[in-house]
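>>> Just to be clear, the model below is a prediction. Sequence and coordinates:
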Amino acid sequence: VKLIPNPNKGIFTLKGALGTIDDEEVNVEVTDMLGQVVYTTKLIAHNGTLNETIQLSNKLANGMYMLNLHSGSENKVFHMVIEQ
């Protein structure tokens, strides 16, 4: 799974395949570097494939954020930079 583009302006795409071919629920959580959750959502990976665009609040400060991706078959952490 990839997060593109990075850095971004708070709009990015999660694209790629999970370790399964089933439809699977994926929890997405974005936290700042203090660990405070700034965004959370649930997505469905159809046939184990993700291709979702996410738009964060335009009130987020510039800087580094962490995106946590949790599903039944995969846990992944991305470091992401927001430059408004």
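Received it, and whenever you're ready, just let me know what you need. Numbers count the residues shown, from 1 in each chain.
>>> Could you give me the buried positions within stretch 37-47?
Within stretch 37-47, the residues that count as buried by 16 or more other CB atoms under 10 Å are 38, 39, 43, 45. Heads up, the C-betas are built off the backbone N, CA and C, glycines and all.
>>> Which strand or helix spans the first one?
The one in question is residue 38. strand 37-45 (DSSP states H and E).
>>> Tell me the confidence at residue 72?
The score at residue 72 is 85. That number is its pLDDT.
>>> So what pairs up with the spatially closest residue to it that is not a sequence neighbour in the strands?
Sequence neighbours aside, residue 24 is the residue nearest to residue 72 in space, at 5.7 Å (criterion: CB to CB, 6 or more residues apart in numbering). Taking DSSP bridges, one finds residue 45 as the beta-bridge partners of residue 24.
>>> re earlier: any idea which of the buried residues of stretch 37-47 is the one closest to residue 12?
Closest approach between the buried residues of stretch 37-47 and residue 12, by CB to CB: residue 39, at 11.1 Å.
>>> The closest one and residue 20, how far apart?
25 Å (CB to CB, to the nearest Å).
>>> ok, residues contacting stretch 48-67?
1, 3, 10-24, 26, 28-33, 38-39, 41, 43, 73, 77-84 (CB atoms under 8 Å, 6 or more residues apart in numbering).
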